[in-house]
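>>> just need the structure, nothing else, for what follows:
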Amino acid sequence: MTQLTDLKPATHDDVAVLLAVADHFTITHPTAPLEHHSLLIAFGAEAYKLHNRSTTAGADKLAKAALALAPARTTDVTRGEYALLLRHVAAEAGHDWPDGDDDRAIPRITGIPGPRTEPTPVAVPRPRPEQVQGGAA
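Numbering: from 1, shown residues only. Below you'll find the predicted structure:
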């Protein structure tokens, strides 16, 4: 049975909300100071968008879970600076999912080793005939 104090790993949706809020803060008034109500509204709005603009799909729970992952707001931080903090938290959550055409299909997660690489073959020179025993002199 899970307890309210159990730590739950971040889900892909939680991280998606963090990144969507970071994008919003980067685009919309990045040099303005971050206000508490703007932070709450941004998390709620982005979770609502990710849940197909439905109020019955659990967007409120997603917004609360994502907000729990977010760093604490300080009084002197701007929206753009907070966006950088959100991106850092998202990257630390281990979900650096590909979003571009040239990105890797399988994301690299810190701490998990990648596939083995075979050593490149090295050409070994053949010995000279005079170095081989019984060679021509």
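>>> strands of the protein, residue ranges please.
With DSSP state E as the criterion, the chain has no strands.
>>> give me the low-pLDDT residue ranges for it?
Residue ranges of the chain with pLDDT under 70: 1-12, 55, 57, 94-116, 131-137.
>>> again, 80 this time
Residues of the chain meeting the criterion pLDDT under 80: 1-14, 51-58, 92-137.
>>> wouldn't A90 be in contact with V21 here?
No. Contact between A90 and V21 fails when scored by C-beta atoms under 8 Å: they sit 9.8 Å apart. No exception for glycine: its C-beta is placed from N, CA and C like everyone else's.
>>> restricting to C-alpha, output stretch 18-26 in CSV.
Presented in CSV, the C-alpha positions along stretch 18-26 are these (Å, rounded to 0.1, in the frame of the first residue of the first chain):
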residue,chain,number,x,y,z
LEU,A,18,7.8,21.2,-16.7
LEU,A,19,9.2,21.7,-20.3
ALA,A,20,5.9,23.3,-21.5
VAL,A,21,6.0,25.8,-18.6
ALA,A,22,9.7,26.5,-19.3
ASP,A,23,8.8,27.2,-23.0
HIS,A,24,6.0,29.5,-22.0
PHE,A,25,8.2,31.5,-19.5
THR,A,26,11.0,31.7,-22.2
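>>> nothing else from me, thank you.
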